[in-house]
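Attaching a predicted model along with its sequence, questions to come.
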Amino acid sequence: MNRVISVAHNTFREAIRDRVLYSLVIFAVLMILSSLIIATISGEQYNKIVKDLGLAAISIIGIMISVFLGMGLVYKEIEKKTVYNIFSKPIKRYEFILGKYLGLAFTLLLITVGMAIILFLLVLYTELRYQGLIEFYYGGHHFAEFFNAIYFQYLEFLIIIGIALIFSSFTSPILSVLFTFLLFAIGRFSGDIRLFAEEIKNPVSAVFAEVIYRVIPNLGKFNVRSEAVYGGSLSGELIFYTTAYAIIYTLALLILSMIIFEKKEFK
Amino acid sequence: MSITKKPLIGLLVIFVLVLISIPFQNKIDEAHGKFGSMEDSLYISSSMLDKISIGYQEILADVYWLRALQYFGGKSIADQNPELLYHYFDIITDLDPKFINAYRYGGAFLAEPPPYGLGEMELGTKLFDKGRENNPDNFRLPLEEAFLYYLYPKDYARAAELFEEAGSKPELSGMRKATIEGMAAAAHAQGGNREVSRKIWQIIYETNSSEGRRNFALRNLKEIQTMDIEDNLTLALKEYRKRFNKFPEGVQGIADTGVIKVIPASPLEGEFIIAARIEAVKDSVLAKRNLDQNLRFLNAKSKRYNSSFGKFPENFNVLKDFIQNQTTAEFPNHPLGEEYVYNPITGKVTSGDISE
């Protein structure tokens, strides 16, 4: 376990030194802050604009960080040949993969929490300033739903890091980014694939569509941003099932990464 | 090249070129027509936008909302295109079906007549209907749609239905529920459905703990009861006229001849009087209430005429034409069929009968 933590720690240190990370985080913060200006021309929809734009900023930037930092997680080590150094020490390949994953997951956790705090302060400011209006239009503040939306968003990041890690273990960074984004986009449309599976007449195609739906990540299930604005029934059941789904899917991705990495030959 | 060697001169040249390009840009915008840029974005269907958004539909809805506000806020009513406006709000609400304010603002702006809106009742209510379907628990959408039906096409039956729908929503507080149910009752009464109105006021009276609400419901119940008596006495009056070919001295005269057994007491504690011009029996208290309400309305319209044209109407017919042709309201007839008294110097409308 110590070896995993040590890889994770190094990955974290490496990640926070990355310029890409800083530029993305600065961009996210600017996006979140700009929502305040945009909200002033929104026809009194202050909190909706701030929440929509802020949550989307956290989501977009988090996904970009997952993809762009995830793409180099393993590839960089192989490219720079530092992987030989690592494996000259008593560390297993699966521990290396797990450590890499946890390192980036922790980095994203810190960034998500940081962005969430900034956004929450902004939301708090807006909602206190226009309290009467917000209660009139939206029936309440829906803070619990707001934090739930961020939590679900983080679960989505965990899956995307897992996907990026798989591609990073056997392909180049450009292809890794491309494949991860493609899988992300398909994952967001998983509902349509399900609909297609239900409506299709040909039984073979229907089974195929159903299999695709079950195999690709159902990322649409992590989107509860709308509830952060309008409220909704925040059920413990939904949180439990979504968390379980994210954990199970991430475990599957990690195992697949480990298998691929185990088979990889270093020349 | 000296420009590339001297960056300041280069920057200055770039600045001048940008300035020169501005009038060309304006000409291009003009050539595209007034809805050019808007229509471009509307060629994309909402289902396509839904796919393009890859899960960020709410952001696209916000962008469309901001664009709609900026664009339509910057145009005069005459320059607006209702179809385009409807399409815009249709897209916004497809992308974000819970965006209540998009239905409310879009629907009201489309339905309300100029100068407040575009006067497209059908499109406006279509947007409200979509909102009600997508947000079945929201009370504001049926409530505001009811107001539109009540105020503009004066479809009181539909307004009452919508008020009732709004009053049945679970999120309402007891007080608000009673108020909306009262509106439904009023709309039914206005539309001639006195029985439904009576039942609703009865429920409000029996179920409300607020003394003020109960008194208000009781007052309305008494008014409805009085209207029923007025109708019966008017029928008796017509029968009297048929038999004797003249008006009786007073209401008691109808009873004296046996056309009707007894003249009931007025629930409003007024007295029943004969309005010969409209051949009807009216309650003095109810007639006075209605007359006071009509006078307030007529004086407000006279003031509005003054603020629009810088003078009061020359005579009462001018004021009547103004109300009938340039406002959405109906002209209120004198409850006793008498003539209003109008002073063109002060612009004040009065009645020489029971109100003064």
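Received it, and whenever you're ready, just let me know what you need.

distance of the residue nearest the centre of chain A from B:Leu162?
Residue closest to the average C-alpha location in chain A (C-alpha atoms, centre = their mean): A:Phe157, at 1.5 Å. To B:Leu162, A:Phe157 is 45 Å away according to C-beta to C-beta, to the nearest Å. Using the backbone N, CA and C atoms, a C-beta is placed for each residue, glycine as well.

just A:Phe147 next, same as before
Distance, A:Phe147 to B:Leu162, by C-beta to C-beta: 37 Å.

Tell me where the stretch 1-150 of chain A has helices.
For the stretch 1-150 of chain A, the helices defined by DSSP state H, counting those that start in this stretch occupy A:2-17, A:19-39, A:46-70, A:75-79, A:82-87, A:93-129, A:131-138, A:143-170.

meant to ask about the stretch 51-200 of chain B
Ranges of helices within the stretch 51-200 of chain B are B:57-73, B:82-95, B:100-111, B:121-134, B:140-151, B:156-167, B:174-190, B:194-207, based on DSSP H, counting those that start in this stretch.

In JSON lines, list the ones you listed along with distance to chain A and mean pLDDT.
Below are the helices of the stretch 51-200 of chain B laid out as JSON lines (distance: least, C-beta to the nearest C-beta, whole Å; pLDDT from 0 to 100):
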{"stretch": "helix B:57-73", "distance to chain A": "5", "mean pLDDT": "82"}
{"stretch": "helix B:82-95", "distance to chain A": "11", "mean pLDDT": "86"}
{"stretch": "helix B:100-111", "distance to chain A": "6", "mean pLDDT": "88"}
{"stretch": "helix B:121-134", "distance to chain A": "11", "mean pLDDT": "90"}
{"stretch": "helix B:140-151", "distance to chain A": "9", "mean pLDDT": "83"}
{"stretch": "helix B:156-167", "distance to chain A": "15", "mean pLDDT": "82"}
{"stretch": "helix B:174-190", "distance to chain A": "12", "mean pLDDT": "76"}
{"stretch": "helix B:194-207", "distance to chain A": "24", "mean pLDDT": "73"}
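
quick one: which of those is nearest B:Lys288?
helix B:174-190 (18.2 Å; C-beta to C-beta).

Quick check: buried residues in that closest one?
B:177-189 (16 or more other C-beta atoms under 10 Å in any protein chain shown).

Would you mind getting the angle between it and helix B:156-167?
Going by axes from the mean of the first three to the mean of the last three C-alpha atoms, to 10 degrees, helix B:174-190 is angled at 170 degrees with respect to helix B:156-167.

Give me the residues contacting helix B:174-190.
Helix B:174-190 is contacted from outside by B:139, B:143, B:146, B:150, B:156-157, B:159-160, B:163-164, B:166-167, B:172, B:194, B:196-198, B:200-201, B:203-204, B:207-210, B:213, B:216-217, B:220, B:224, using C-beta atoms under 8 Å, 6 or more residues apart in numbering or on different chains.

Buried members of the residues you listed into ChimeraX, please.
Buried subset of the contacts of helix B:174-190, written as a ChimeraX selection, criterion 16+ other C-beta under 10 Å:
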select /B:139,143,146,150,156,159,160,163,164,166,167,172,194,196,197,198,200,201,204,208,213,216,217,220,224
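
element containing B:Lys311, please.
Using DSSP states H and E, B:Lys311 falls within no helix or strand.

Distance of it relative to chain A?
Per C-beta to the nearest C-beta, to the nearest Å, B:Lys311 is found 37 Å from chain A.

mean confidence score for stretch A:87-106?
Across stretch A:87-106, the average pLDDT comes to 85.

That stretch: how far from the chain's middle?
Distance, stretch centre to chain centre, for stretch A:87-106: 20 Å (C-alpha atoms, centre = their mean, to the nearest Å).

what's in contact with stretch A:82-93?
Residues outside stretch A:82-93 that contact it (C-beta under 8 Å, 6+ apart): A:Arg3, A:Val7, A:Lys76, A:Glu77, A:Phe96, A:Met258, A:Phe261, A:Glu262, A:Phe266.
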